[in-house]
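Novice: Provide a 3D model corresponding to the input given below.
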Amino acid sequence: MRHSIVLLIVTLYTQFLFGQATFDVVSVGDKAPDFTVKTIEDKTLCLEELKGKYVLINFFATWCKPCMEEMPLIEKHIQQRFDNNDLVVIAIGREHNINELELFNQRKKFSFHIAADPKRNIYSMYAQKFIPRLYLVDKTGKLIYAHSGYKKSEFDKLINLLETKVAK
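Specialist: All right, here's what the predicted structure looks like:
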């Protein structure tokens, strides 16, 4: 009996670990799917038009605790540090509308672009499940970094990558 329970737990854990990858729609090395968004500042951003720059895409939700841990770090360690013409940060609120995100940012005061994706139209081009998600798109439009969830060690890897890629 005990052996059966251990086997069941190992099987479920393995399915979780390897099954999670199936929720990705794109991977590192793929061309980043193009999208156009309107930000809370009423600015229209089109990924295709941002070629020649690095673009960090963050999918989040205001109710997501790991997202709320990660976003201040994006502000402090990426937006403020790499704030130049070579990097554009776009945070996309999954299942949020512009009004919700305007109110959210009145409290949070993030300086990077924030846009809404109320029906998951953009999100669904990149993933099926799980937030937060970070994608770094290089100057040619190719994904060079992708991660789901928030882990400090993984965030540090992103910072290291940005240090090697983005002009200071």
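Novice: Can you show me the helices along this protein?
Specialist: Remark: helices assigned in the chain by DSSP state H are 2-19, 65-73, 98-108, 123-126, 152-165.
Novice: Could you tell me the least trusted of these?
Specialist: Ranked by mean pLDDT, those end with helix 2-19 at the bottom, a mean of 52.
Novice: Now stretch 29-46: buried residues?
Specialist: 32, 33, 35, 37, 39, 40, 45 (16 or more other CB atoms under 10 Å). Bear in mind the C-beta positions are built from the backbone N, C-alpha and C, glycine included.
Novice: so what's the fourth one up against?
Specialist: Neighbouring residues of residue 37 by CB atoms under 8 Å, 6 or more residues apart in numbering: 44, 45, 90, 92, 115, 116, 117, 122.
Novice: Just to check, the fifth one is in contact with residue 88?
Specialist: No - in terms of CB atoms under 8 Å, residue 115 does not count as a neighbour of residue 88; the distance is 11.7 Å.
Novice: Common neighbours of the two, please.
Specialist: Contacts common to residue 115 and residue 88, judged by CB under 8 Å, 6+ apart, are residue 45.
Novice: Between those two, which is the more surrounded one?
Specialist: The neighbour count for residue 115 versus residue 88, taken as other CB atoms under 10 Å, is higher for residue 115 (23 against 19).
Novice: what's the distance between that one and residue 40?
Specialist: Residue 115 sits 7 Å away from residue 40, going by CB to CB, to the nearest Å.
Novice: likewise residue 128?
Specialist: From residue 128 to residue 40 the distance is 26 Å (CB to CB).
Novice: repeat for residue 105
Specialist: Using CB to CB, we find residue 105 at a distance of 6 Å from residue 40.
Novice: Likewise for residue 88?
Specialist: 15 Å.
Novice: What of residue 134?
Specialist: For residue 134 relative to residue 40 (CB to CB), the value is 20 Å.
Novice: burial count for residue 103?
Specialist: Counted with other CB under 10 Å, residue 103 comes out at 12.
Novice: Kindly report the same for residue 131.
Specialist: 23.
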